[in-house]
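Participant: this one's sequence-less:
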Ligand code: MG
């Protein structure tokens, strides 16, 4: 080998060695109730999100990415386990007085990565169990800072009517098990989460890390810090989302400052669709400017139309080529298998995962993965299945056992059931009809039959292979 080539080879080896030795870092920025249409890059004309728009230009943006449930707790169980909510033992929203949560036998992303040398932090809204054995720092996270549950909940009987004056609440801010403030000043939450996240990044710059940052907002009641409240011409909802955009920018800038941009995969997404309720200042969802947009999608938080479960998703860093958009169907269930593959960690054999690794897709081949059905669960009930462009709402001729306190939904001043009794299945072509407005079941009986069979087979297998609900003493 010519001397100059030898020198080049040596330099390449030197450059490659630390990269090969160092596993990728992972950052999950998980908005709460942020709608599909709420970011500039997803078509919002009222909310300014320059940092998230730029993150999309620097990475990969999904157009068909899903949360695993149309509301908080089940979605959180799925993002951390790679398993559907029913399988992971958290089919429904948890309330502070409940003795249940994510079962300790479930394996979280943090528990998976920790033995491989990862520092792990959960900063933000946990909502996977308030009893002590179910808290984040006992589910694989080195520490927890944030709220134990939603910012509209308090330690009160679940059937007590919502209090009009949330100022009376004792909503606690926790630093591990210590209550540092109650009621927490919600205006400060996004800023304080961001500060703790930056501290964590600095402290762990020399080792691999997992930062799980489930934001409190734009879940209602809405708040933004002084720097953001009233700054957007479009109300408090936009203020709160613009502060999340700021927070994302601070974290991305810090990664750059620390020289970690290339080595860190950052994922931004949402746990379910927008509340999108009338802002009447009186109703449960009218507090403090509830809003949000599902863009062109039908439905919203709390139902299995696209608007309830299809969410923004942007991935950046760790080898993802910039500037791409993919129509590939993917979901938060895919994060655990993807991170495991990138970190070189094997999930334990015999544990069924509902997600799959997106690694080939993230490496640049936007059409890399074969079609796979996606299942839309409302609580424990399977309501719809998507395969490719087709989405089938299953025939549902009786209400299931009441699975949770979430039963009614407020819309246009009327209570409507979450559950849809469907005497006939409905089929939608999501490519031609993104708004799910034209039922074509009558034109495609063979597809209805096929997708019904896919759904029934899947659901029966799921029932045989699920972690039971876990109750603390
Ligand atoms: Mg939510």
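Facilitator: Perfect, I can see it now. If you're wondering where the values come from, they're calculated on a predicted model, not measured in any experiment.
Participant: low pLDDT regions in the stretch 201-350 of the chain?
Facilitator: Where the stretch 201-350 of the chain drops to pLDDT under 70, the residues are 276-290.
Participant: need the residues of it near the ion, please.
Facilitator: 271, 272 (Cβ under 5 Å from the ion). Every C-beta, even on glycine, is put in place using the N, C-alpha and C of the backbone.
Participant: does residue 332 touch residue 67 like I think?
Facilitator: Yes: under the contact definition of Cβ atoms under 8 Å, residue 332 touches residue 67, with a separation of 5.7 Å.
Participant: which residues do those two both contact?
Facilitator: Taking Cβ atoms under 8 Å, 6 or more residues apart in numbering as the contact rule, residue 332 and residue 67 both touch 75, 78, 269, 271.
Participant: so is the third one in a helix, a strand, or just coil?
Facilitator: So that's residue 269. Classification of residue 269 using DSSP: H, G, I helix; E, B strand; the rest coil returns strand.
Participant: any idea which element the residue in the stretch 101-250 of the chain that the ion sits nearest to lies in?
Facilitator: Nearest to the ion, among the residues of the stretch 101-250 of the chain, is residue 219, at 5.6 Å (Cβ to the ion). Under DSSP states H and E, no helix or strand contains residue 219.
Participant: what about the residue nearest to it when sequence neighbours are not counted, how many neighbours?
Facilitator: Among residues not flanking residue 219 along the chain, residue 32 sits closest, at 4.1 Å (Cβ to Cβ, 6 or more residues apart in numbering). Residues contacting residue 32 under the criterion other Cβ atoms under 10 Å number 26.
Participant: distance of the residue lying closest to residue 203 once chain neighbours are set aside from residue 471?
Facilitator: In this structure, residue 203 finds its nearest non-sequential neighbour in residue 119, 7.7 Å apart by Cβ to Cβ, 6+ apart. Counting by Cβ to Cβ, to the nearest Å, the separation of residue 119 from residue 471 is 31 Å.
Participant: for the lengthiest helix in the chain, list every residue counted as buried.
Facilitator: The longest helix of the chain (DSSP state H) is helix 236-257. Buried residues in helix 236-257, counted by 16 or more other Cβ atoms under 10 Å: 236-249, 251-252, 254-255.
Participant: list the contacts of the residue of the stretch 101-250 of the chain closest to the ion.
Facilitator: Taking Cβ under 8 Å, 6+ apart as the test, what residue 219 contacts is 32, 33, 72, 125, 150, 151, 152, 275.
Participant: rerun that using 7 Å as the cut-off
Facilitator: Residue 219 makes contacts with 32, 33, 150, 151, as judged by Cβ atoms under 7 Å, 6 or more residues apart in numbering.
Participant: what's stretch 73-82 in contact with?
Facilitator: Contacts of stretch 73-82 with the rest of the structure, by Cβ under 7 Å, 6+ apart, involve 30, 67-69, 84-85, 88, 90-94, 102, 106-109, 127-128, 214, 271-272, 332-333, 335-337, 353-355.
Participant: same check, this time on stretch 36-46
Facilitator: Stretch 36-46 has contacts (Cβ under 7 Å, 6+ apart) with 47-49, 52-53, 56, 61, 234, 238, 241, 273-274, 292-295, 297, 307, 310-312.
Participant: in helices, which of those residues appear?
Facilitator: 52, 53, 56, 238, 241, 307.
Participant: list phi and psi for residue 122.
Facilitator: phi -120, psi 120 (degrees, to the nearest 10).
Participant: model confidence for it, exactly?
Facilitator: Residue 122 is assigned a predicted lDDT (pLDDT) of 98.
Participant: is it in a bridge, and if so with what?
Facilitator: residue 144, residue 212 (DSSP bridges).
Participant: heads up, I number from 36, so please use that
Facilitator: Sure thing, new numbering starts at 36, so read that last one as residue 157.
Participant: is it correct that it is in contact with residue 171?
Facilitator: Yes: in terms of Cβ atoms under 7 Å, residue 157 counts as a neighbour of residue 171; the distance is 3.9 Å.
Participant: what sits in contact with each of these two?
Facilitator: Shared contacts of residue 157 and residue 171 (Cβ under 7 Å, 6+ apart): residue 179.
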